[in-house]
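Chemist: Below are the sequence and a predicted model; questions follow.
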Amino acid sequence: MLIDRMEVTDIKEVAEDIFELKVCGDLASRVKEPGQFVHVQAAHSIDTLLRRPISICDVNRESRELTMIFRAEGKGTKRLAECRQGEELNVLGPLGNGFPIESCKPGGTAVLVGGGVGVPPLYYLSRQLKKNGVNVIHVLGFANKQVSFYEKEFSELGPTRLATVDGSAGQKGFVTNVIEEHDITYDIMYACGPVPMLKALEANYSNKPLYLSLEQRMGCAIGACFACTCQTVDPNDEKGYRKVCSDGPVFKAGEVILSC
């Protein structure tokens, strides 16, 4: 873990209120696994005092560049969306435990399921899996075409299917509809997105290895403040809870109750 002053190298709007932010610094070389995140200080003001947790979308170790994608919806993220090339950001990370890519062997097939701003961490995951000789299939869900992004980027790595609630892009419905109707076969599933989506996946696809990345508001992001705890499923678990920031954000299906 490192606190780094990272320079903004590029920022652009890739969908409606969805921004791709690229920053450069030593922290990029510290990323160990897909699914980790960073805690970004948006600005030096009382309105944006707390850092914002943002998942890591991609890493370029050679150029020391880290890519994040976020939705501009609150004061902090709207301030981040106003960043300009050359500006410096205070970034803490990498944080959390990511997806276990070693759980899928070379030649196996992994299906990656993302919803909304839960899609970004799956891109780096897909790149790493493909690098390891794993076949990747992507199922991405969005509210509508206006907020969809990275379909082309994912398609360059493997088969990619889109679902939108209103049917304005891809198949009308939810990611579960796509998986069912196309009878997608796989060895392992990785997912990140809103809790209702994760609940649906856990209820229907826990017969095979399934790893879920939780989206959660955080305070410190290092496990000290207990602001992001989830109750464990096992009543005999010694602690009875897990911290999304330090124990997660990735959990095996059935480990925590999906209500946090």
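Modeler: In hand now; what should we look at?
Chemist: Only C-alpha atoms from now on, for both contacts and neighbour counts.
Modeler: OK.
Chemist: And for the residue nearest to residue 171 when sequence neighbours are not counted, the neighbour number?
Modeler: Distances taken as Cα to Cα, 6 or more residues apart in numbering put residue 163 closest to residue 171, at 4.6 Å, once the chain neighbours are dropped. Around residue 163 sit 26 other residues, with neighbours defined as other Cα atoms under 10 Å.
Chemist: And the most centrally placed residue in the chain, what's its pLDDT?
Modeler: Taking Cα atoms, centre = their mean, the centroid of the chain lies closest to residue 121, which sits 3.4 Å from it. The score at residue 121 is 99. That number is its pLDDT.
Chemist: How about the host helix or strand of it, which residues are buried there?
Modeler: Remark: residue 121 resides in helix 120-131, with elements defined by DSSP states H and E. Within helix 120-131, the residues that qualify as buried by neighbour count (16 or more other Cα atoms under 10 Å) are 120, 121, 122, 123, 124, 125, 126, 127, 128, 129, 130.
Chemist: Surely residue 110 is in a strand?
Modeler: Yes. Secondary structure assignment places residue 110 in a strand (DSSP: H, G, I helix; E, B strand; the rest coil).
Chemist: how much space is there between it and residue 190?
Modeler: As defined by Cα to Cα, to the nearest Å, residue 110 lies at a distance of 7 Å from residue 190.
Chemist: and what of residue 204?
Modeler: Distance of residue 204 to residue 190, computed by Cα to Cα: 14 Å.
Chemist: ok, residue 147 - contacts?
Modeler: Listed by Cα atoms under 8 Å, 6 or more residues apart in numbering, the contact partners of residue 147 are 15, 16, 17, 18, 116.
Chemist: and stretch 177-190, how far apart are its ends?
Modeler: Between the opening and closing residues of stretch 177-190 there is a gap of 17 Å (Cα to Cα).
Chemist: Not counting sequence-adjacent ones, nearest residue to residue 25?
Modeler: Closest residue in space to residue 25, ignoring its immediate chain neighbours: residue 6 at 4.9 Å, by Cα to Cα, 6+ apart.
Chemist: what number of residues lie near the one you found?
Modeler: The burial metric for residue 6, expressed as a neighbour count using other Cα under 10 Å, is 24.
Chemist: so what's it scoring on pLDDT?
Modeler: According to the per-residue confidence, residue 6 scores 97 in pLDDT.
Chemist: Could you grab the helix/strand/coil label for it?
Modeler: Relying on three-state DSSP, one would call residue 6 strand.
Chemist: Assess the claim that it and residue 21 are in contact.
Modeler: No. Between residue 6 and residue 21 there is no contact under Cα atoms under 8 Å: 11.3 Å.
Chemist: Could you list the low-pLDDT ranges of the protein?
Modeler: 43-49, 260 (pLDDT under 70).
Chemist: switch to 50 and redo it
Modeler: Segments of the chain classed as low confidence (criterion: pLDDT under 50) are 46.
Chemist: Just the helices from it, written as ranges.
Modeler: Residue ranges of the helices in the chain, as given by DSSP state H, are 75-81, 120-131, 151-155, 175-181, 195-205.
Chemist: residues touching the closest residue to residue 97 other than its chain neighbours, list them.
Modeler: Closest residue to residue 97 in three dimensions, ignoring its sequence neighbours and counting by Cα to Cα, 6+ apart: residue 248, at 5.2 Å. Counting by Cα under 8 Å, 6+ apart, residue 248 makes contact with 96, 97, 98, 213, 214, 242.
Chemist: Can I get those residues in a markdown table including distance to residue 65 and neighbour count?
Modeler: Output for the contacts of residue 248, formatted as a markdown table (distance: Cα to Cα, whole Å; neighbours: other Cα atoms under 10 Å):
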| residue | distance to residue 65 | neighbour count |
| --- | --- | --- |
| 96 | 19 | 23 |
| 97 | 20 | 21 |
| 98 | 19 | 23 |
| 213 | 23 | 28 |
| 214 | 24 | 22 |
| 242 | 31 | 21 |
